[in-house]
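K.L.:
One predicted model, sequence on top.
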Amino acid sequence: MTPDIQRASANADELPYRYREDAIDLQISEYCVDETEPSEPETDETTLPLFRYQPWDRAELSLSLSISDRDLDHVCEGSPPYDAKLIVVVESKSTHLRYEVAIEDEPLTTGTYTKTIDLEANLFRDTVTLTPRIVTTDDVSSGLPFAPKGGMRIAGGDAWKVQIDEPEQSGTGFPFRYRDFSDGDYPEDAVHLLKSNPREPAVLVNTLNQPIVDILETETFYSFDAYLKNVIKAELGTSTWIQLVIHTATTVAESDEPQYDWQEGLIEEIGPYLYEGASYDEVVESLGEAVSEPDELRSFIRELNVAVQLYLDQASQLNDFIDDFRP
């Protein structure tokens, strides 16, 4: 659950009328960019990385939205079909653009609805959020516990994020992904974890730590939050980089070479800090040897810790923060 969704759920709890935040299942079934053939999203996450197609002009997204009987009956007065409509809110905070796309006008019943929407690249920057909503279209005679007026949102669902520009990196060269660690798959007290996908690493940040998430999402440049964001990114990056280098070294030890593009990029980035003056091939060879012997591994981990700190310039991040904000 992303921070935006988490905050929306909290607001729903405070509404004086019936509301369901998880009533709509929104999916992007396929998409195409300019003249490319339609493709399905590559992951089961609610993120679509269109920045991979840059430069592009127009993207076409095929949406599928499902509503259950239980949820719609709970929030609507009377019997179906209901005086309500299904919409998707398209929002780009970076360009201050927000509009609604009608998926199904009133009257509304349960079921699955489809809609194709277009995104024009020149209208957006950074990330576009697609949020499903059910909205009343008329006043109700009975009033509470139902939404009393037309135009009030009565149900929602998890949003999709469409990445127009490559996302800001986490300090590890890999993007942040926000997750609710209370679902049982992750330790609730953890701040972050490295996503265990060897092809596409990502830093998973626990949304249960809302103050940390708020700082990481700040868009200001010259403020306490902005400086603290750099400190947190360096802090998260240190442990994550160490894990990534160990994963890469293990791959080299097993296969004699890196297997993925990100591993090759990582070697080019960290190599000069870990093995000064060594060529790319020499760094690859040294990494494989470092994890093959216990004695080598002990000294390697110590040297790797220092190399990552130097690469991330962790000392400057901390010192600048203290110098600028010490009372």
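P.N.:
Sure, I can see it.

K.L.:
The protein: strands as residue ranges?
P.N.:
Secondary structure of the chain (DSSP state E): strands at 20-33, 47-49, 58-67, 84-92, 97-104, 111-120, 127-136, 153-157, 160-163, 176-179, 192-194, 203-206.

K.L.:
ok, and what's touching the second one?
P.N.:
By that I understand strand 47-49. Counting contacts by C-beta atoms under 8 Å, 6 or more residues apart in numbering, the residues outside strand 47-49 that touch it are 28, 31, 41, 61, 160-163, 177. To be clear about C-beta, it is placed using only N, CA and C from the backbone, and glycine gets the same treatment.

K.L.:
As CSV, the residues you listed with neighbour count and pLDDT would be great.
P.N.:
What follows is the contacts of strand 47-49, written out as CSV (neighbours: other C-beta atoms under 10 Å; pLDDT from 0 to 100):
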residue, neighbour count, pLDDT
I28, 18, 95
Y31, 22, 95
P41, 17, 87
L61, 24, 96
W160, 21, 93
K161, 20, 89
V162, 23, 92
Q163, 16, 88
R177, 19, 81
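
K.L.:
Could you list the low-pLDDT ranges of the stretch 101-250 of the chain?
P.N.:
167-175, 196, 219-222 (pLDDT under 70).

K.L.:
Mind doing that once more with 80?
P.N.:
140-143, 166-176, 183-185, 195-200, 218-223, 226 (pLDDT under 80).

K.L.:
quick one: the helices in it?
P.N.:
210-216, 224-255 (DSSP state H, counting those that start in this stretch).

K.L.:
Out of those, which gets nearest to R153?
P.N.:
R153 lies closest, by C-beta to C-beta, to one member of those: helix 210-216, at 22.5 Å.

K.L.:
And that closest one, what does it pack against?
P.N.:
Judged by 3 or more C-beta pairs under 8 Å, 6 or more residues apart in numbering; DSSP states H and E, helix 210-216 is in contact with helix 3-14, strand 203-206, helix 224-255.

K.L.:
right, so these: which one is the most enclosed?
P.N.:
strand 203-206 (a mean of 22; mean count of other C-beta atoms under 10 Å).

K.L.:
Parallel or antiparallel, list what pairs with it.
P.N.:
Partners of strand 203-206 in the sheet, by DSSP bridges, are strand 176-179 (parallel), strand 192-194 (antiparallel).

K.L.:
contacting residues around the last one?
P.N.:
Strand 192-194 is contacted from outside by 186, 201-206, 236, 240, 243-244, using C-beta under 8 Å, 6+ apart.

K.L.:
Let me see the contact set for the closest residue to Y273 other than its chain neighbours.
P.N.:
Leaving aside its sequence neighbours, Y273 sits nearest to A307 (C-beta to C-beta, 6 or more residues apart in numbering; 4.0 Å). By C-beta under 8 Å, 6+ apart, A307 lies in contact with 270, 273-274.

K.L.:
okay if I get those residues as CSV plus distance to T112, pLDDT and neighbour count?
P.N.:
Below are the contacts of A307 laid out as CSV (distance: C-beta to C-beta, whole Å; pLDDT from 0 to 100; neighbours: other C-beta atoms under 10 Å):
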residue, distance to T112, pLDDT, neighbour count
I270, 47, 89, 23
Y273, 52, 93, 16
L274, 52, 93, 22
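
K.L.:
Find the centremost residue of the chain, please.
P.N.:
R177 (3.8 Å; C-alpha atoms, centre = their mean).

K.L.:
shouldn't that one be in contact with V205?
P.N.:
Yes - using C-beta atoms under 8 Å, R177 makes contact with V205 at a distance of 7.1 Å.

K.L.:
Distance check, the residue sitting furthest away from the middle of the chain against S64.
P.N.:
In the chain, S141 marks the outermost C-alpha relative to the chain mean, sitting 41.5 Å out by C-alpha atoms, centre = their mean. Between S141 and S64 the computed distance is 34 Å (C-beta to C-beta, to the nearest Å).

K.L.:
And Y17, by the same measure?
P.N.:
In terms of C-beta to C-beta, Y17 sits 28 Å off from S64.

K.L.:
ok, now Y99?
P.N.:
For Y99, the distance to S64 - C-beta to C-beta - is 20 Å.

K.L.:
May I have stretch 279-292 as PDB, with CA atoms only?
P.N.:
Output in PDB follows, covering the C-alpha atoms of stretch 279-292 (Å, rounded to 0.1, in the frame of the first residue of the first chain):
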ATOM      1  CA  SER A 279      40.100  -2.500 -14.600                       C
ATOM      2  CA  TYR A 280      36.600  -3.800 -15.000                       C
ATOM      3  CA  ASP A 281      37.800  -7.400 -15.600                       C
ATOM      4  CA  GLU A 282      40.100  -7.200 -12.600                       C
ATOM      5  CA  VAL A 283      37.200  -6.000 -10.400                       C
ATOM      6  CA  VAL A 284      35.000  -8.900 -11.600                       C
ATOM      7  CA  GLU A 285      37.800 -11.400 -10.900                       C
ATOM      8  CA  SER A 286      38.400  -9.900  -7.400                       C
ATOM      9  CA  LEU A 287      34.700 -10.000  -6.500                       C
ATOM     10  CA  GLY A 288      34.500 -13.700  -7.300                       C
ATOM     11  CA  GLU A 289      37.600 -14.500  -5.300                       C
ATOM     12  CA  ALA A 290      36.400 -12.400  -2.300                       C
ATOM     13  CA  VAL A 291      33.400 -14.500  -1.500                       C
ATOM     14  CA  SER A 292      35.000 -17.900  -2.200                       C
END
